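Asks: Take this sequence and fold it.
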Amino acid sequence: MEALFTDPRCLGHEVPYGFPERPRRLERVLERLEGRGAGPIVAGDSPRAREAVAAVHAAEYVERFRRASERGDGLLGSSDNPLSAGTWDAAWAAVGCALAAAERAAAGGHAFAAVRPPGHHAERDLAMGFCFFNNVAVAARDLIARGAARRVAIFDFDVHHGNGTQHVFERSADVFYASIHQYPFYPGTGAADERGLGEGEGATLNVPLPAGCGDAEYREAIDGRVLPALAAYRPDVLLVSAGFDAWKRDLLGGMRVGEEGFAEWGRRLGALAREVCGSRILSVLEGGYDLHALPDLVEGYLDGVAEGLG
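Replies: Here you go, the predicted model:
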């Protein structure tokens, strides 16, 4: 059973009516997962959060975000990133959950950070695509900075490419970033020839797929390309940007993945973590906008990871 990390402040990021990334997404997931066993661990404020965010995001950007929140601005940068009175605290709570869950994962076993706002589109100095702080990138960099890992791998299966995560680590050899995503699609990045830069060349793997792909196409790509690359890298900890918008009826995606597809990915990733990194695996919630299906998809994925871990 995974250790579940969340924080009620993540629900305080309020959005306009009809906005797809809404508090009810997380509420629905938590309603399902809280019945699985031990209750969620409320991460609270992390003493490392400010330092960890500063290692990923520009100080000017963090200050711009803070000032916009204090002024009561309605947006940060674009209409994709609405602000409310609770957004600032929600973003820090999401980071705190990711850091606490990463610490648990590094000690052995599976942790799941059930958070919002999501993070993988957030650039070093730019809010994008519903994301303010890049939760998984902050957790990965912090694991290395505090000596809990020398090498970290991130696998992102959200239907949208994680431009922010790729750009944070594209010149780094100690973080391997792999993404499978719909392409061409928002945000426009993630072509197959984007493989990293400088010392990080070869530590980025993009597997772009055309719209309409389902379980079979994903299985072929994950088994044939992603898992072998992750295994060859041999990370100390495996992090997963777990977005569920490749689901066949998602509001924002164009893929055709079924419920069993996500469970199968979980089994594969759990088995990989058991084989290469001592079962150290952290999953962080990213996208997924079908409110009716999302709890089933998340639970199926987590059950798959647990099965793969044995």
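Asks: where does the residue nearest to residue 34 when sequence neighbours are not counted fall, phi/psi-wise?
Replies: Excluding the flanking residues, the one nearest residue 34 by Cβ to Cβ, 6 or more residues apart in numbering is residue 40, at 6.2 Å. C-beta: built from backbone N, CA, C; applies to glycine. In terms of degrees, to the nearest 10, the main-chain angles of residue 40 are phi -70, psi 150.
Asks: Run a quick check on residue 40 versus residue 113, I expect a contact.
Replies: No - contact between residue 40 and residue 113 fails when scored by Cβ atoms under 8 Å: they sit 10.1 Å apart.
Asks: Tell me which of the two has more neighbours.
Replies: Between residue 40 and residue 113, counted using other Cβ atoms under 10 Å, the more crowded position is residue 113 (33 against 18).
Asks: thinking the more buried one is in contact with residue 138, fair?
Replies: No - using Cβ under 8 Å, residue 113 makes no contact with residue 138, being 11.0 Å away.
Asks: shared neighbours, these two?
Replies: Overlap of the contact sets of residue 113 and residue 138 (by Cβ atoms under 8 Å, 6 or more residues apart in numbering) consists of residue 98.
Asks: would you list every one of the strands in the stretch 101-250 of the chain?
Replies: Assigned by DSSP state E, counting those that start in this stretch, the strands in the stretch 101-250 of the chain fall at 109-113, 152-156, 175-182, 204-209, 237-242.
Asks: With mean pLDDT and distance to residue 30 as extra columns, can I get those in TSV?
Replies: Below are the strands of the stretch 101-250 of the chain laid out as TSV (pLDDT from 0 to 100; distance: least, Cβ to Cβ, whole Å):
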stretch	mean pLDDT	distance to residue 30
strand 109-113	95	11
strand 152-156	99	22
strand 175-182	99	26
strand 204-209	99	30
strand 237-242	99	15
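Asks: As CSV, the ones you listed with distance to residue 121 would be great.
Replies: Formatted as CSV, these follow (distance: least, Cβ to Cβ, whole Å):
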stretch, distance to residue 121
strand 109-113, 17
strand 152-156, 11
strand 175-182, 12
strand 204-209, 15
strand 237-242, 10
